[in-house]
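**Student:** Task: produce atomic coordinates for the following.
(chains A, B, C and D)
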There are 4 protein chains.
Amino acid sequence: MRPVAGVGMIGYAFMGRTHSQAWRSVDAFFDLPLEPAMVALAGRSAEATAQAAAKLGWAHAETDWKRLIARDDVRIVDICTPGDSHAEIAIAALEAGKHVICEKPLANTVAEAEAMAAAARAAAGRGVRAMVAFNYRRVPAVALARQWVAEGRIGAVRHVRAQYLQDWIVDPEFPLVWRLRKDKAGSGALGDIGAHIVDTAEFVTGERLTGVSALTETFVKERPLAEESAGLSAAGGAGRGEVTVDDAALFTARLSGGGLASFEATRFASGRKNAMRIEVNGELGSLAFDFESMNELWFHDHTLAAEEAGFRRVLVTESGHPYAGAWWPPGHGLGYEHTFTHQVKDFIEAIATGATPEPSFDDGLRVQRVLAAVERSAADDSRFTTVEGS
Amino acid sequence: MRPVAGVGMIGYAFMGRTHSQAWRSVDAFFDLPLEPAMVALAGRSAEATAQAAAKLGWAHAETDWKRLIARDDVRIVDICTPGDSHAEIAIAALEAGKHVICEKPLANTVAEAEAMAAAARAAAGRGVRAMVAFNYRRVPAVALARQWVAEGRIGAVRHVRAQYLQDWIVDPEFPLVWRLRKDKAGSGALGDIGAHIVDTAEFVTGERLTGVSALTETFVKERPLAEESAGLSAAGGAGRGEVTVDDAALFTARLSGGGLASFEATRFASGRKNAMRIEVNGELGSLAFDFESMNELWFHDHTLAAEEAGFRRVLVTESGHPYAGAWWPPGHGLGYEHTFTHQVKDFIEAIATGATPEPSFDDGLRVQRVLAAVERSAADDSRFTTVEGS
Amino acid sequence: MRPVAGVGMIGYAFMGRTHSQAWRSVDAFFDLPLEPAMVALAGRSAEATAQAAAKLGWAHAETDWKRLIARDDVRIVDICTPGDSHAEIAIAALEAGKHVICEKPLANTVAEAEAMAAAARAAAGRGVRAMVAFNYRRVPAVALARQWVAEGRIGAVRHVRAQYLQDWIVDPEFPLVWRLRKDKAGSGALGDIGAHIVDTAEFVTGERLTGVSALTETFVKERPLAEESAGLSAAGGAGRGEVTVDDAALFTARLSGGGLASFEATRFASGRKNAMRIEVNGELGSLAFDFESMNELWFHDHTLAAEEAGFRRVLVTESGHPYAGAWWPPGHGLGYEHTFTHQVKDFIEAIATGATPEPSFDDGLRVQRVLAAVERSAADDSRFTTVEGS
Amino acid sequence: MRPVAGVGMIGYAFMGRTHSQAWRSVDAFFDLPLEPAMVALAGRSAEATAQAAAKLGWAHAETDWKRLIARDDVRIVDICTPGDSHAEIAIAALEAGKHVICEKPLANTVAEAEAMAAAARAAAGRGVRAMVAFNYRRVPAVALARQWVAEGRIGAVRHVRAQYLQDWIVDPEFPLVWRLRKDKAGSGALGDIGAHIVDTAEFVTGERLTGVSALTETFVKERPLAEESAGLSAAGGAGRGEVTVDDAALFTARLSGGGLASFEATRFASGRKNAMRIEVNGELGSLAFDFESMNELWFHDHTLAAEEAGFRRVLVTESGHPYAGAWWPPGHGLGYEHTFTHQVKDFIEAIATGATPEPSFDDGLRVQRVLAAVERSAADDSRFTTVEGS
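**Tutor:** Sure thing, here's the model as predicted:
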């Protein structure tokens, strides 16, 4: 009999749903050293939390995250709340000796992220693990790209071309939801989706962004107040409020290995729904990925004769591919939610083996520092700005 | 509180795993009138069945499917065994008043399929439901294609071009597994994957195949005996045995609406892993689908000006698309297993509302009759052969 | 100074335009052993022919093809007339000692094609060359596919999947042009575009179609009379006439090497404009081509590890690719007309070196026999029909 | 009888070959108000120029461009020399009353470009026309994109994403050809291919780049001396020389309409051969183009219901598409060289009608100013730099 690892989750919106499906499914597909148990869900409203717990499969509901952390039957704390509460919860949980998996971005400020990373380092000394949930690392195709880069398949990296393109606020009459207000969300496209491509670029290349030059823009300055924002003073006149975050962020960067990179995060790319894309060009080959076709990795092997070479569509569904062997036969693709299942699988294994989970809170902190450098550059006439600590 | 519908599943190989994940997940994503409960799993070996039940999430294990059917806490019987046992189990379950969902092909012979369809019709009179598991109908893109054809978006159907291409036995040294032996599998590519494209073509067009002209072939006549087939007399000499099913089946067909169709099912299409494809060309437009990119439906609107028209890649992940709204935001794709989740969702709703689930056993019987006509035509010099009952 | 080879062309419609551009361009891009000269164009109407000659760049105009053949300054006769006149012209030209390049299909009947092939064989003995213009062989990507199959890159051929899909008569009100009347055109989609995919399949695989099983259909039985057909008795009532050719032809085939093939030629594939496609699956790999992306050849190398393999998009624009080196740098694609330029380049070289040009009239005859077998099979309940001479 | 317009061309390398094919072909496909005649070719070496003239179809050869300009039978001067000679030749030709078409970039410096633009303005007053050869504007798909943007089909432009990706110098042992030396080529990827995407972005959107923020890099600092550069002092040691131009240039930009743009020009994108790409996202839709598939324009119509929308692959080969009607039926694609044929067609028409050809020398000057701003920004820590005159 394997030891049971009780899980307590805080928050049950979009990310809470993906994490629940991961905890529910992981043990049926992977051979885990610990048996995860969905012990408790915490939320503010007793009724809504109880309903969500029933729907999502959690045994108990708590209305105070501190009580959830205090439960003896909870060994793992899964944080799915908005970014402004991450630091307090994560640090408390780590200090209580609970392993912590925390949604990205790690925090809304570099200072908070630093505190969290320090807490994670301290906890590691006591055998307590922490992980930040950049789930795109666990797309099999992205993990395979990382593996091939690490094996030297594409040689020295010359270019990274990373984009995260969405279009859900193209319509100027789309309301002023909380994600469009700086006080709540910290930033706009930059922190929400730009964070993912920064982490993915560093993960796949194994390099660091050393500096950035950035442009940001808010195309639609005012929007109708959302129902949820009814209490806001309508700065823009009757029924309208100011958008206080970026709609789009573009930046170029230098990589620690000498390559150049370009990044674009936007919610205004009409027709692109969730196009998290990365292409890496190296001296010996290239790799390209687009989440809208998430089971494919495109690989150009530049060591082949020119007459034979070309971008090759590898369906990342073979038993020898990362994570894929646990699921279905070749050609039977996976979906978005599987990235979360892979994430908790790796986290459980790290806990059992005492390894440092990746991405660590230090990795999350580094992304935060890149985002901060982007904001500083954008505010300083796009001047090239060194990433702190790089 | 919703009524609980206990489920008992028989068989726990590939299909057992997909169905288990469906039963495990469906209630967390859909609002169901009944609460499914994973009551019991039946298999022959006590130890292996108990292990599988624990792994896949079934509360109890049974070693006799008859005992599973007899359980009072089982209202739904899910048949995931090979085709030669479908008829006996399904008929027994229906007669015992259990709702039955049965893997495809419905049976290995038309006679068995007829008996099953008759049993299903009789059971329906008593409020007992039966469904055959052509899961590809529940790919959101395939369901959307059906919807658009039904709405008249592509007009009169002129052509269907359906293929199911795999490549897992291209290597002549791949062993003689049971799927390559007629006594076990009934047929080869034809029944295994050809059945899916026949059903999909009829589903999407809403028409019937009225007759077929077929070619079948076994490219590799002898193969090394598999470990599982150690007991076989080695007809092909020491260590080799005869392949007794088709490697590939090609057929053309006429549709009830006057169109022409072509079908190809093969396990020898190197590089095609699970390319279940269908294109339908109509007077007003066309639709195209490839399971290797399962979240996309390609639509050509022929009523547009020629200068504007072209095949359009619709990401079938919008909340207004079939099934998609229950899952994730636009652009966050689904995978293979979701088709099974959608299947049990529809089955549970049909049970609760008293509707006839689709595809019914009659639908499964019709597919069986098409496959029989294909075999007759192939044996008769490809002569055009009318499908029985069409 | 190179010898001059005077060219005389007969016909100046669609094919006359493509051939003229080929003769005009070939000498500027290839180093030819003979210098082609655009000497004379023949047509029936003096005025229209003179205009066409001026527009297309021919020095002289003739109103009688016999006079064109008789010209001393014409060494090469290029036949761009409809199929019913090919035999008479080609045989006369060959007998007059002129090299002949003749548009496809070689003739409207097998008997005519046989007479032409016999004339070509006789002429070859006198050093006179004949070629049939299956231009798609000269798409660089198709020529590369042939080369790789010949080199054994894909091993034993298991499947050919060939389609030629157009949509120009989807609208039932499209008029009854001469191409839709059997007395003029011989057949419909079958002879016009089906001929191309039969030749391409045999060319790429290096194998023969040994027998076929066919379905043909005329979806729209009557159409408005075209202006050009004003003189027709309106069989279908006032202003309408009967369509007497096939709208679509589907057939399966066996290949001389043991593989199976499927063919589809149709003018009713809404949204497909000129989709001349072929995929070949072999034991060691696969190749796929679509003329709508004519500068690409997709190659799957099945000898790679499954984790690395996938269809690779080779841009066939490298200097080492067939024909491509004569043109532009890599990635600067060619168009439809270039296939004709390559065709006359190869023909001129064959004339100069005394080689037999390919495709020969015997190749054209063989395609004609396949088409005849298709028609016989379609008329005989799709029964499998052996191709004459195969 | 139409008036004849004699053409004299200077330079016969890569661009000389494309322009010759254009002059040779244009009259056979378009109905022109003037008849172009290929009168004379100028080059420095008498023998080589005579050979090139014979090969490319020019009636006479000159060894002094001034004599070519002076010829009475030359009305149009076509400049295909390297950029450092453009200003002198173009200004002399315009002053001599000759219409001038000049290869891009207009010049190697802003000062030269300004002088040329001034000369063109002065000449226009005398009915003499000047055009700069940004040939990509004449890709039918690019011209269609421009047309649809102008018609308001995609609404307010939010994003431009432009790339020109090549890979011909990825190998560090590729020699130090003249294009890699600043004294000859002016700049590297920036001026050679970056110029094209700047012009294309302004052309398609109808907007201006108002400022840029840039990063440039030379990845391979020294290369083996090329045979052509034998005379160079080998700064990098025996047999090696310094690369003095950029290998890659990345820049972000602001558009006059308020949108954001990103640009990347590189010769280090392994596997990308001539990927001149642009995507434009607007409030009502998006357009995407990649020259490696030059006959396709992808269009997303954001005014459709989300359930129906998606990027649509428009084959730009319909008779109603720009330029396409002059060539072949739908689906029969064009190639790289056709862009040059369209260019001279438009230039001839502008001459005949007295219209100002586009792109004008002023357009070329503007691109030059953007490139200069890119270089200034790159030299100034990527600081956002206003484009002169914008």
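
**Student:** can you list the domain ranges for chain A.
**Tutor:** The record's domain parsing of chain A by automatic domain parsing lists A:4-135, A:138-358+A:367-379.

**Student:** The first one - what's its average pLDDT?
**Tutor:** Domain A:4-135 shows a mean pLDDT of 97.

**Student:** where do the helices sit along the stretch 51-200 of chain A?
**Tutor:** For the stretch 51-200 of chain A, the helices defined by DSSP state H, counting those that start in this stretch cover A:65-70, A:86-95, A:110-124, A:140-150, A:182-185, A:189, A:195-205.

**Student:** Let's have those in JSON lines, adding distance to chain B.
**Tutor:** Yep, even glycine has a C-beta here, placed from its N, CA and C like the rest. Converted to JSON lines, those look like this (distance: least, C-beta to the nearest C-beta, whole Å):
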{"stretch": "helix A:65-70", "distance to chain B": "20"}
{"stretch": "helix A:86-95", "distance to chain B": "22"}
{"stretch": "helix A:110-124", "distance to chain B": "26"}
{"stretch": "helix A:140-150", "distance to chain B": "11"}
{"stretch": "helix A:182-185", "distance to chain B": "16"}
{"stretch": "helix A:189", "distance to chain B": "15"}
{"stretch": "helix A:195-205", "distance to chain B": "13"}
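
**Student:** Mean neighbour count, those helices: which tops it?
**Tutor:** helix A:189 (a mean of 27; mean count of other C-beta atoms under 10 Å in any protein chain shown).

**Student:** which ones are touching residue A:141?
**Tutor:** Residue A:141 makes contact with A:289, A:294-297, A:314, A:316, according to C-beta atoms under 8 Å, 6 or more residues apart in numbering or on different chains.

**Student:** Please repeat the previous calculation with a cut-off of 6 Å.
**Tutor:** Residue A:141 makes contact with A:289, A:297, A:316 under the criterion C-beta atoms under 6 Å, 6 or more residues apart in numbering or on different chains.

**Student:** thinking again about what came up before, compare the domains of chain A and give me the one nearest residue B:118.
**Tutor:** domain A:138-358+A:367-379 (33.7 Å; C-beta to C-beta).

**Student:** Centre of the chain to that closest one, how far?
**Tutor:** Chain-centre distance of domain A:138-358+A:367-379: 8 Å, with C-alpha atoms, centre = their mean, to the nearest Å.

**Student:** how far does it stretch from start to finish?
**Tutor:** This stretch, domain A:138-358+A:367-379, spans 34 Å end to end (C-alpha to C-alpha, to the nearest Å).

**Student:** Dump stretch A:315-326 to PDB, restricted to CA.
**Tutor:** The C-alpha trace of stretch A:315-326 is given here as PDB (Å, rounded to 0.1, in the frame of the first residue of the first chain):
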ATOM      1  CA  LEU A 315       2.800  13.900 -33.600                       C
ATOM      2  CA  VAL A 316       3.900  13.800 -30.000                       C
ATOM      3  CA  THR A 317       1.800  10.800 -29.100                       C
ATOM      4  CA  GLU A 318       4.300   7.900 -29.200                       C
ATOM      5  CA  SER A 319       4.900   5.800 -26.200                       C
ATOM      6  CA  GLY A 320       8.500   7.100 -26.100                       C
ATOM      7  CA  HIS A 321       7.400  10.800 -26.000                       C
ATOM      8  CA  PRO A 322       7.300  12.600 -22.700                       C
ATOM      9  CA  TYR A 323       4.100  11.700 -20.700                       C
ATOM     10  CA  ALA A 324       2.400  10.300 -23.800                       C
ATOM     11  CA  GLY A 325       3.000   6.600 -23.100                       C
ATOM     12  CA  ALA A 326       0.700   6.800 -20.100                       C
END
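
**Student:** Show me the contact partners of it.
**Tutor:** With C-beta under 6 Å, 6+ apart as the test, stretch A:315-326 has contacts from A:29-30, A:140-141, A:143-144, A:295, A:297, A:330-331, A:342, B:273, C:306-307.

**Student:** Check stretch A:80-92 too.
**Tutor:** A:10-11, A:15-16, A:19, A:65, A:69, A:79, A:100, A:102-103, A:105, A:107-108, A:112, A:115-116, A:119, A:186.

**Student:** Which strands or helices does the longest helix seen in chain A pack on?
**Tutor:** Longest helix of chain A, by residue count under DSSP state H: helix A:361-379. Counting contacts by 3 or more C-beta pairs under 6 Å, 6 or more residues apart in numbering or on different chains; DSSP states H and E, helix A:361-379 is packed against helix A:110-124, strand A:130-133, helix A:195-205, strand A:209-217, strand A:385-386.

**Student:** 8 Å instead, please
**Tutor:** Applying 3 or more C-beta pairs under 8 Å, 6 or more residues apart in numbering or on different chains; DSSP states H and E, one finds that helix A:361-379 contacts helix A:110-124, strand A:130-133, helix A:195-205, strand A:209-217, strand A:248-255, strand A:385-386.

**Student:** Switch the contacts of stretch A:315-326 over to JSON lines, and while doing so, append distance to residue B:245 and secondary structure to every line.
**Tutor:** Converted to JSON lines, those look like this (distance: C-beta to C-beta, whole Å; DSSP: H, G, I helix; E, B strand; the rest coil):
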{"residue": "A:29", "distance to residue B:245": "30", "secondary structure": "helix"}
{"residue": "A:30", "distance to residue B:245": "34", "secondary structure": "coil"}
{"residue": "A:140", "distance to residue B:245": "32", "secondary structure": "helix"}
{"residue": "A:141", "distance to residue B:245": "34", "secondary structure": "helix"}
{"residue": "A:143", "distance to residue B:245": "37", "secondary structure": "helix"}
{"residue": "A:144", "distance to residue B:245": "34", "secondary structure": "helix"}
{"residue": "A:295", "distance to residue B:245": "29", "secondary structure": "coil"}
{"residue": "A:297", "distance to residue B:245": "34", "secondary structure": "strand"}
{"residue": "A:330", "distance to residue B:245": "21", "secondary structure": "coil"}
{"residue": "A:331", "distance to residue B:245": "21", "secondary structure": "coil"}
{"residue": "A:342", "distance to residue B:245": "36", "secondary structure": "helix"}
{"residue": "B:273", "distance to residue B:245": "20", "secondary structure": "coil"}
{"residue": "C:306", "distance to residue B:245": "24", "secondary structure": "coil"}
{"residue": "C:307", "distance to residue B:245": "29", "secondary structure": "coil"}
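
**Student:** Quick one: residues contacting residue A:126.
**Tutor:** residue A:97.

**Student:** Bridged to residue A:79, which residues?
**Tutor:** Judged by DSSP bridges, the bridge partners of residue A:79 are residue A:10, residue A:102.

**Student:** Could you find the residue in the stretch 101-250 of chain A that comes nearest to chain D?
**Tutor:** residue A:213 (3.7 Å; C-beta to the nearest C-beta).

**Student:** which residue packs closest to that residue, ignoring adjacent ones?
**Tutor:** Closest residue to residue A:213 apart from its sequence neighbours, by C-beta to C-beta, 6 or more residues apart in numbering or on different chains: residue D:382 at 3.7 Å.

**Student:** now residue A:45
**Tutor:** In space, and not counting its chain neighbours, residue A:45 is closest to residue A:63: 7.3 Å by C-beta to C-beta, 6+ apart.

**Student:** show me what contacts the residue nearest to the spatial centre of chain A?
**Tutor:** Centrality entry for chain A: nearest residue to the mean C-alpha point is residue A:134, 2.9 Å, by C-alpha atoms, centre = their mean. Taking C-beta under 8 Å, 6+ apart as the criterion, residue A:134 is in contact with A:104, A:195-196, A:199-200, A:203, A:359, A:363-364, A:367.

**Student:** Looking at the residues you listed, which is nearest residue D:263?
**Tutor:** The closest of those to residue D:263 turns out to be residue A:200 (C-beta to C-beta; 22.1 Å).
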